[in-house]
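S.K.: turn this into a structure:
(chains A, B, C and D)
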Protein chains: 4
Amino acid sequence: MNTLGHNLTLTTFGESHGPAIGGVLDGFPAGITVDTDYIALQMQRRRPGQSTVTTGRQEKDQVEFLSGLLDGVSTGAPIAFIIRNQDQHSSDYDELKDLFRPSHADYAWEQRYGIRDWRGGGRSSARVTAPVCVAGALARLAMRKLLPALDITAFTSQIGPYSTNPANDMDYTTVMAESNIVRCPDAELASKMEEYIKQLRTEQDSTGGCVTCVVRGVPAGIGNPVFDKLEASLAKAMLGINAAKGFEYGDGFAVASQRGSEHNDSFCLENGQIATKTNHSGGIQGGISNGQPIRFRVAFKPTPTIGREQQTVTRDGRETTITAKGRHDPCVVPRAVPVVEALTALVLLDQYISSK
Amino acid sequence: MNTLGHNLTLTTFGESHGPAIGGVLDGFPAGITVDTDYIALQMQRRRPGQSTVTTGRQEKDQVEFLSGLLDGVSTGAPIAFIIRNQDQHSSDYDELKDLFRPSHADYAWEQRYGIRDWRGGGRSSARVTAPVCVAGALARLAMRKLLPALDITAFTSQIGPYSTNPANDMDYTTVMAESNIVRCPDAELASKMEEYIKQLRTEQDSTGGCVTCVVRGVPAGIGNPVFDKLEASLAKAMLGINAAKGFEYGDGFAVASQRGSEHNDSFCLENGQIATKTNHSGGIQGGISNGQPIRFRVAFKPTPTIGREQQTVTRDGRETTITAKGRHDPCVVPRAVPVVEALTALVLLDQYISSK
Amino acid sequence: MNTLGHNLTLTTFGESHGPAIGGVLDGFPAGITVDTDYIALQMQRRRPGQSTVTTGRQEKDQVEFLSGLLDGVSTGAPIAFIIRNQDQHSSDYDELKDLFRPSHADYAWEQRYGIRDWRGGGRSSARVTAPVCVAGALARLAMRKLLPALDITAFTSQIGPYSTNPANDMDYTTVMAESNIVRCPDAELASKMEEYIKQLRTEQDSTGGCVTCVVRGVPAGIGNPVFDKLEASLAKAMLGINAAKGFEYGDGFAVASQRGSEHNDSFCLENGQIATKTNHSGGIQGGISNGQPIRFRVAFKPTPTIGREQQTVTRDGRETTITAKGRHDPCVVPRAVPVVEALTALVLLDQYISSK
Amino acid sequence: MNTLGHNLTLTTFGESHGPAIGGVLDGFPAGITVDTDYIALQMQRRRPGQSTVTTGRQEKDQVEFLSGLLDGVSTGAPIAFIIRNQDQHSSDYDELKDLFRPSHADYAWEQRYGIRDWRGGGRSSARVTAPVCVAGALARLAMRKLLPALDITAFTSQIGPYSTNPANDMDYTTVMAESNIVRCPDAELASKMEEYIKQLRTEQDSTGGCVTCVVRGVPAGIGNPVFDKLEASLAKAMLGINAAKGFEYGDGFAVASQRGSEHNDSFCLENGQIATKTNHSGGIQGGISNGQPIRFRVAFKPTPTIGREQQTVTRDGRETTITAKGRHDPCVVPRAVPVVEALTALVLLDQYISSK
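M.R.: Numbers count the residues shown, from 1 in each chain, chains lettered A, B, ... in the order given. Take a look at the predicted model:
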């Protein structure tokens, strides 16, 4: 279904080439001043078409708020917002009507619903993450008031063969990540990633990558075990992002080869407060935040749309080939960075409300 | 909260050292004959204490069904079941009352609820997965009727430095996995894993590992995007298992360094049916099953309880040390195998019901 | 919260004097052709301002669909729709900013959220039922295909001292109800009701009333006990309508003085089918439809806004008086008729999907 | 489904003649001391078999708590409890296996699930309200701490032709109601009701009735419009009780003939606090409590099981007759009183938690 959350719920709607996309954020605290400039800024971060390394589509993504605000302040009523789809050359997609693009949702979707909106992927398009970013920005505005110490920083930690060192995760800042088009906080690696993406564009190919997210200032005691553990809610949200293939937190898959004596986070006193000496746990123990920074990583597959000829089949069961026309984004990872941040904000605010 | 699922819901309850643990499975299809031998068998698989490589606790885990059955057939009413806790030497845990065990849930839990059941971890104990296994066995019985081709096979794919080759995932069977105590379908690796665990026991240490799960016979068209995608539901369920630190499906984190031309699964015709030539996607595209086998992997951290001295703090804020007494399980991974299968069955049956 | 339903969910948003009201209908079956003329017709039925007996506000209520449709056919994706608020003279309400209108939501709402949208009642306005009518019309279109025999007929059964005889409930039709402005299927009573409302307008007063709803063609076997019984779901939906004060089904409150020998519905055979000789039960037994017509009644209080001077207090705690200006609707009951039908359609379709 | 509530959820299970009935209460606040004597007392109130006017079944209803408590104090983990069914002469019901009892759930249930537990009504038996009473008693214990001023008083307000005067609702106390077997706080009426029930027993007949509930001490600001209004949640809970046919709050159905000038509750100052002069609204305005006492009424149909011969049909479609054997309760209303209180407590605590 299209609703996420328990006490703070986000319902999204809209297709790539329908009249509009949007969302309804319900359970949002009353009395929060909605800074529309901040929202516009967050939306701009998500926007493709900002440079040579990303997609050519020019999305204006102007957000219109329809409800839940009185003189710019939230009233506790559901906040609905829409973004008109400006650039809907759906006829560009006519040839996709009768065949299934490899590693796209086309075939599975048609099996599920018996019908498929073939225009740009319809509801399975990455365009559906735009309303998530609006809602995430609203959640962050609420947390400025409710949890002022909270800081959510996501960045590109891998593109193809180039990865940052997890040991540096805690040193990276949003300013560092936003200083380049691939959103990698290591400037040297960022240049290599940019080069790699340019090369892939030439080769009509694409690449996968990873986003890492670090959250500071989360108080201890947030989470709802045993089934709505904080990490389980984060995992569900992240795996819901288009192209996501994996989620790990703390030391993640590396724990498989660790020993307990090496992995365990000893408790200590820090300025009289209980803390841990290390943070292999990634800020969550037993499904509940422990006051240490939360750290997780999400893997994204390569963009399935590539300019090379691929084998596929038609809806009526004939084998054929497809070669994507036009200009495609060889790497969605940089654009996923603000989406990861937005979902993190939504999950944390919901769990925070639910843990009080 | 303690309920999982949408149309098929499992509510679990119980602590490690309370009178009983159990669950209520609601939305279970009517008319299913409940084979109690099958359930007992599945419970036995979960049971620790089967050999020298696992924990010493002797859990009988006899399941008593309290409702929802008429002459052994499900009626559509909620199926409740309990397992009495036999072996509750809670006084063993007296010393844990006033301090926080490193990398256990103790501290976070107390911050969340202001109170903590310190007897054996209470509600945060791995013992809470027993009711999940009962419910999973019920779900598998239902699917024998509803989706007879369905086959769920999980196995240990990594323990410490020893891992199976993902390229062989599709060749492994339950018989192969169950033929040794570590549940690794590669016999040679299994011996090494067993040796490694024995050695860790001597060294008063523990190890992490991974479980891989392969599901065959899932029809195309199961999943509920955009927020209840099949992979998102699986991720949420798996990250809810004690000690789980990561989830990946299909090629998982390896996609980060793949190219689209390498990752994409071309469509083809197989006996007149639409299929894919490869299965990098892991059987799910756009949040919906595509008819190919589902394949995913879950990472588990090393058991936090180790016999070595560790630094920690007391509830009243003094630094101290802790050394776990008694015999501890250096590796939870083999015991997680049936839990992964059970949750997979529950998620698939719920999503199947919800996708009709 | 602002979401209704389990497998078919309606999320509504919007205030009386915000930019727009609307809703998102999720879980709607794919493949349903959306007849926009039918929707417009249903919206017109809800519209006030049609005659001298109803409110003066001119609501255009033009519905714009934003998602979930492809060439007018539902795709299984959420259907979002908005209705722009045309007539928002919110300055008319300036004087309401600082006092609480008697028997309105003003005071309770402000206690709940700490802030209140005072413009025309904001989110507590009856205007929020407009999106419900859109969604109900969609549900009825789906049921034309899924349950073609289904017929939902609601009508005004009481206004002030004038009531229809429940013994005639089964004889009334939508055509009879829609043939007059008060929506009472008994023409003679309808005239008296109209006269009564006109008189109340002169007297600056208002009146309560009842809506009765009869649903034919509901198959046996719909309902989800023990907590989501069909009648419980209907009751919840109906009590959510503005001004609703009571719900009863079958013989309703009259059962309190009945005997079992009088109330019980004997089973019989009707054309070889199991039926009941009488229908005191109102088509539901044990929380599940029994194949007989469903019959229920909803009571609505008098419009709280009246032109007479009333005692009240200001936000800062001074006693004062209020006299509503302008033209007010002395009776909301006729306008509630399509809302009752819409909610009935939504509840039935959701329960039908959930009972399969 | 079998779960009620949003942040405080009660999942119940069990059939009339299965091994046990019970429930799981999740989201219950941590740190509440569970007074088991109080719970036993509340269970005793629900127990039938207390006198000549109620059913002959001797239910011991001993509650066993299985989880969620540490030394008698709630831990925030789900509280599970069971009540063994002692008196399960299910063979008494053998003749019911193949026919449908008039105005019972038998037929509808079988249409829903394709199978039916015919032993004493199975899951549709009033026995399923016992776990509701346990959970309600727990909720009341929590509210002693959270909302100490809260007082919930339900009583029998009508049995057959005998009704209390709603004008006296606020004068009745639990002590008055519990002083007689029919739980009517007017002693004179109580005697008449008792006589009437005895007479019906002689006549092999039964009667309906009403329960009224008054809640004092509810703070203003509890409720979650527009779909989870306080009255909507109460209505859903009450209509879920076996045999309930109607719900009304405040002046209820009487509002249909009232005028606004008569119904509206003027605001005034009472000891400097905002209050209303009258309480026609029944303590709820716009779906949210306004600080005045909440007052509502629930109608119950006559017990369908009567000793007279009734027409019915068999499962295989033959017309036949049925005459209930043994001793039956001609009036369920007194036993519904504690169930109404329990559900009120559960709904209020859930809404209170959800409104913070």
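S.K.: now do the same contact list for the residue of the stretch 101-250 of chain A at minimum distance from chain C.
M.R.: Per Cβ to the nearest Cβ, the residue of the stretch 101-250 of chain A with the smallest distance to chain C is residue A:113, at 3.6 Å. All C-beta atoms are positioned from the backbone trio N, CA, C, and that covers glycine. By Cβ atoms under 8 Å, 6 or more residues apart in numbering or on different chains, the contact list for residue A:113 reads C:30-31, C:75-76.
S.K.: please apply the same query to residue A:216.
M.R.: Contact analysis of residue A:216 by Cβ under 8 Å, 6+ apart lists A:149-151, A:153, A:293.
S.K.: can you check residue A:152 too?
M.R.: Residue A:152 makes contact with A:140, A:213-215, A:341, A:344-345, A:348, according to Cβ under 8 Å, 6+ apart.
S.K.: give me that answer again for 6 Å
M.R.: A:215, A:341, A:344-345 (Cβ atoms under 6 Å, 6 or more residues apart in numbering or on different chains).
S.K.: that's a strand at it, yeah?
M.R.: Yes - under DSSP: H, G, I helix; E, B strand; the rest coil, residue A:152 falls within a strand.
S.K.: returning to that earlier point: from the contacts of residue A:152, which land in strands?
M.R.: Among those, DSSP state E puts residue A:215 in strands.
S.K.: number of nearby residues for the closest residue to chain B within the stretch 101-250 of chain A?
M.R.: Nearest residue of the stretch 101-250 of chain A to chain B, counting by Cβ to the nearest Cβ: residue A:105, 2.2 Å away. Neighbours of residue A:105 under the rule other Cβ atoms under 10 Å in any protein chain shown: 27.
S.K.: for it, give me its contacts.
M.R.: A:124, B:285-286.
S.K.: where along the stretch 251-356 of chain A do the strands fall?
M.R.: Per DSSP state E, counting those that start in this stretch, the stretch 251-356 of chain A carries strands over the ranges A:267-270, A:273-276, A:284-285, A:288-289, A:294-300, A:309-313, A:319-323.
S.K.: reformat those as TSV; add mean pLDDT.
M.R.: TSV is the format used below for the strands of the stretch 251-356 of chain A (pLDDT from 0 to 100):
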stretch	mean pLDDT
strand A:267-270	96
strand A:273-276	96
strand A:284-285	98
strand A:288-289	98
strand A:294-300	98
strand A:309-313	96
strand A:319-323	94
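S.K.: hey, which of those strands is tucked in deepest?
M.R.: Stretch with highest mean neighbour count among the strands of the stretch 251-356 of chain A: strand A:284-285 (a mean of 29; mean count of other Cβ atoms under 10 Å in any protein chain shown).
S.K.: tell me, how many residues neighbour residue A:148?
M.R.: 9.
S.K.: excluding chain neighbours, what is closest to it?
M.R.: Nearest non-adjacent residue to residue A:148, counting by Cβ to Cβ, 6 or more residues apart in numbering or on different chains: residue A:217, 7.9 Å away.
S.K.: rewinding a little: reformat the strands of the stretch 251-356 of chain A as TSV; add distance to residue A:68.
M.R.: Putting the strands of the stretch 251-356 of chain A into TSV (distance: least, Cβ to Cβ, whole Å) gives the following:
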stretch	distance to residue A:68
strand A:267-270	40
strand A:273-276	37
strand A:284-285	31
strand A:288-289	28
strand A:294-300	28
strand A:309-313	44
strand A:319-323	43
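S.K.: nearest to residue A:161, of those?
M.R.: For the strands of the stretch 251-356 of chain A, the distance to residue A:161 is smallest for strand A:294-300, at 14.4 Å, taking Cβ to Cβ.
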